[in-house]
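[1] Below are the sequence and a predicted model; questions follow.
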Amino acid sequence: MQVFELYIRRLFKRNGLLIFMLLMPILFAYLLVKAFEPSVAPEMANMLNSIIGVLIILTTMNTMLFYGDRQHATDQRILLSIYSKFSYYCQIVAVFLAIGTVQLIEVMLFTNTALHIELPLTGIDYLIILLAYAMLNIIAAGLGFIIMNYSRTKSMSLACIVLAGLLFVVMGGMFLPREQLPFIVKDVATIFPTYWLNEVVVILLGDVHDQIYPLVGYLLGLMLYAGVTMLLLTRTRTKRI
């Protein structure tokens, strides 16, 4: 885990950036809670999915933290001579998975304790959401790296990453329920992993006992999608991250 530890230490040296990364999700959570003011399960599901959607967009953008860093470029060449591509990228993606998991946990604690929004979820339900979110986080981070590896400039990378993040989140029904999407794209939305996480949240906040098989199917689909994303990432060039 040398790569993971290296970039975690490097991140902690950027105190201002670290504080910003921790405060931004809380600010968005506060705004979304005030916008939804949830009192019933469907409203809570929409609120939670919107919060997760924002976190996914932030994850894809976070992958640009080390873009253009000369020290990073040097470290990358050295580390790739030691580790395989798959091992290297797994550890890099794990950095952003750790960041995203911390952000989701702090948002849940903030909405529960500070805003007094008590979601009707058990401890197992929270673990399932964390698992599904972890898979989606891997997909988002991997997608961000793939885009950067094929982009020629930093501005192109940022534009493509933001566009891809918004596409995934909006098409997956994280901001708008699938029923409110144009009829042309409703069926297309079901192929997006964000839609699967959306459905996981809806199921857990509804009657989970009658939908065990769909729940397991969505979780397995997210795991498969995450695995394919990592394999595609190892096939990209490594000139930049």
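    Structure's in. What do you need?

[2] Tell me the helix or strand right after the helix or strand of the chain with the lowest mean pLDDT.
    Within the chain, confidence by mean pLDDT, DSSP states H and E is lowest for helix 70-82 among all helices and strands, at a mean of 63. Next in sequence after helix 70-82, counting helices and strands by DSSP states H and E, comes helix 85-109.

[3] Figure out how far that next one is from the centre of its chain.
    With CA atoms, centre = their mean, to the nearest Å as the basis, the distance from the averaged C-alpha position of helix 85-109 to the chain average is 9 Å.

[4] Give me the mean pLDDT for that helix.
    Confidence over helix 85-109 (mean pLDDT, whole number) is 89.

[5] cool, and stretch 146-162?
    Average pLDDT, stretch 146-162: 83.

[6] Tell me the buried residues in that stretch?
    Buried positions in stretch 146-162, judged by neighbour count with 16 or more other CB atoms under 10 Å: 146-149, 151, 157-158, 160-161. All C-beta atoms are positioned from the backbone trio N, CA, C, and that covers glycine.

[7] do stretch 215-223 as well
    Buried residues in stretch 215-223, counted by 16+ other CB under 10 Å: 215, 218-219, 221-222.

[8] Kindly report the same for stretch 10-21.
    The neighbour-count check on stretch 10-21 (16+ other CB under 10 Å) flags 10-11, 21 as buried.

[9] So which of those residues sit within helices?
    Under the assignment DSSP state H, the buried residues of stretch 10-21 contribute 10-11, 21 to helices.

[10] okay, these in a markdown table with distance to Ile191 next?
    What follows is these, written out as a markdown table (distance: CB to CB, whole Å):
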| residue | distance to Ile191 |
| --- | --- |
| Arg10 | 36 |
| Leu11 | 33 |
| Met21 | 30 |
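
[11] if we can go back for a sec, quick check: of the buried residues of stretch 215-223, which lies closest to Ile52?
    The shortest separation between Ile52 and any of the buried residues of stretch 215-223 is 12.5 Å, and it belongs to Leu222 (by CB to CB).

[12] For the helix or strand hosting the closest one, which outside residues touch it?
    Assessed by DSSP H and E, Leu222 sits inside helix 212-234. Counting contacts by CB atoms under 8 Å, 6 or more residues apart in numbering, the residues outside helix 212-234 that touch it are 85-86, 89-90, 93, 128, 131-132, 135-136, 138-139, 142-143, 145-146, 149, 193, 196-197, 199-200, 203-204, 208.

[13] same thing with stretch 123-132?
    Counting contacts by CB under 8 Å, 6+ apart, the residues outside stretch 123-132 that touch it are 48, 101, 104-105, 108, 121, 196-197, 200-201, 204, 208, 215, 218-219, 222.
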